[in-house]
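**Q** Just need the structure, nothing else, for what follows:
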Amino acid sequence: MKHSLQRHLTLMLGSAVLLSALLAAAASFVLAYFEAKEFQDDMLKQIATFEASDSGRSFKANGPGAEASGDPESHITIFHLPTDIRPAWLTDTLAPGFHTLDTRTDALRAFVLDRRGSGRTVVVQPTDARNEIALNSALRTLVPLLLLLPILAWLVVRIVRSELSPIAQLSRSLDEQPGDRPHAIVDAGLPDEITPFVHAINRLLERVNHLMGEQRRFIADAAHELRTPLTALSLQAQNLRHAASLEDMKARVLPLQNGIERARQMTEQLLNLARIQAEQGGKSDVEVSAVARELIADALPLAEARRIDLGLDAPLPLRLETSPEGLRLILGNGLENALKYTQAGGEITIGLRTDEEYAVIEIVDNGPGIPAEEQERVFDAFYRLPGSGKNGSGLGLAIAREAAARLGGTVSLHTPQSGHGLVFRYTQKNGRAEDEAHSPQT
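**A** Prediction:
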């Protein structure tokens, strides 16, 4: 299920900001509430101290029938004992300091102060009034935070949208790329977190450009290689009409048949290369010895006709996790080249060996071989060794290397230790090495 990164970040950051603001508001409210109560306690204490030091009366009596002085606005009442009338709830046993008194009609907060002479000063205030004053003071601290919440939400949305804008710009840049020749993306101004993805995309585009260049070159080479035999076939077909006799016609049909066979082989090679490039996995457990024996059985009539000794050297069974079709195509091209260039009476051996890490399949012949400086060049598509005197498409080794790369292996050519002939070698990691590499440590 798809989800919007921008919406997700906005929701998460907005929730975090909102939660933080609510916690801060709650903490501010509680602190302001209790601070207001402490302030009122300090005010009661200061009033009591002032009244105890001043003989005058600064407040009028508060309460029906009371002779004590007080402040009607803050609901504070002051008693000077023993001169003022003592209420029933104000006992003479109260110790100096703060007290919370419960009357029949109300709860009071009182501060008792003993004067230096005789008597004491008592300052009282209803708790309801105190709570109302503290609540109003605490609520005023919430107003700035509540006004700030919409601004914070707006800032979160703007910041997230602004910070993610390079991603949208990057997508537009990719959409504007030409389909046939994509170019690298400029990473200037992009965040550090996005830069690695841009570099990876640029590396991918570089590989795509290289592959497309190779494909364009391959198509051009294929068109060039096909043009010559097709032109020759057309001319040979026209020459048939000018044959003077049946014998002359038969003589002219033979090169036409050879040309058709060369065109057929090249077309088959092109189809094999296209199939290998489009192949998607399909690996299985393959017994290489069985594949080698099948190839030998198919090539045996040609080998016998040319008196070539074709054999298999497989001292131990060899199994690989690979594509049977791909492996057969690789070894088939190697064996076909060996049969084509090995002289009559020669020798070709398919050898299988393995070690702890790699499996190696070799096709060794004692033919004319390939010079060391040309052993890499012959893997290029449509390249044919100068002076070989053999007809071919120049695609066999290119197809073998392409198929080997798809299977995770390598194909290479070598000169035997004897100095004569050629070694066609296919190397791939064997199954045991891969199993050990992926097995858990104990």
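**Q** quick one, what contacts the residue located most distally from the centre of the chain?
**A** Distance from the C-alpha centroid of the chain, by C-alpha atoms, centre = their mean, peaks at Thr83 (86.8 Å). Contact partners of Thr83, counting by C-beta atoms under 8 Å, 6 or more residues apart in numbering, are Gly119. Where you see a C-beta, it was placed from the backbone N, CA and C, and this is true even at glycine.
**Q** Going forward, the N-terminal residue is numbered 174.
**A** New numbering, starting at 174: the last item is Thr256.
**Q** Against Arg288, how distant is it?
**A** 11 Å (C-beta to C-beta, to the nearest Å).
**Q** Same check on Val464?
**A** With C-beta to C-beta as the criterion, Val464 and Arg288 are 116 Å apart.
**Q** Among these two, which residue is more densely surrounded?
**A** Val464 (22 against 14; other C-beta atoms under 10 Å).
**Q** Now name the helix or strand holding the more buried one.
**A** helix 461-478 (DSSP states H and E).
**Q** Mind checking what helix or strand follows that helix in sequence?
**A** Using DSSP H and E, the helix or strand that follows helix 461-478 in sequence is strand 482-486.
**Q** Let me know the next secondary structure element after that next one.
**A** By DSSP H and E, the next helix or strand past strand 482-486 is strand 492-495.
**Q** how about the strands in the stretch 324-473 of the chain?
**A** Using DSSP state E, counting those that start in this stretch, the strands of the stretch 324-473 of the chain run over 457-460.
**Q** Break this structure down into its domains, please.
**A** By the record's domain assignment, the chain is partitioned as 179-318, 351-451, 455-611 (automatic domain parsing).
**Q** Dump those into a markdown table; add mean pLDDT as well.
**A** Compiled in a markdown table, those are given as follows (pLDDT from 0 to 100):
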| stretch | mean pLDDT |
| --- | --- |
| domain 179-318 | 75 |
| domain 351-451 | 73 |
| domain 455-611 | 84 |
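**Q** closest one to Leu343 among the ones you listed?
**A** Smallest distance to Leu343 across these (C-beta to C-beta): 6.9 Å, for domain 351-451.
**Q** Looks like Lys218 contacts Arg282 (just checking).
**A** No. Lys218 is not in contact with Arg282 according to C-beta atoms under 8 Å; the separation is 11.2 Å.
**Q** More neighbours: which of those two?
**A** Higher neighbour count among Lys218 and Arg282: Arg282, with 21 against 15, using other C-beta under 10 Å.
**Q** tally of neighbours for Gly524?
**A** Gly524 has 17 nearby residues by other C-beta under 10 Å.
**Q** what do you get for Tyr531?
**A** Neighbours of Tyr531 using other C-beta under 10 Å come to 14.
**Q** Which residue comes closest to it once chain neighbours are left out?
**A** Thr600 (5.5 Å; C-beta to C-beta, 6 or more residues apart in numbering).
**Q** hey, what's that neighbour bridged with?
**A** Judged by DSSP bridges, the bridge partners of Thr600 are Val533, Thr583.
**Q** That concludes my questions; thank you for your assistance.
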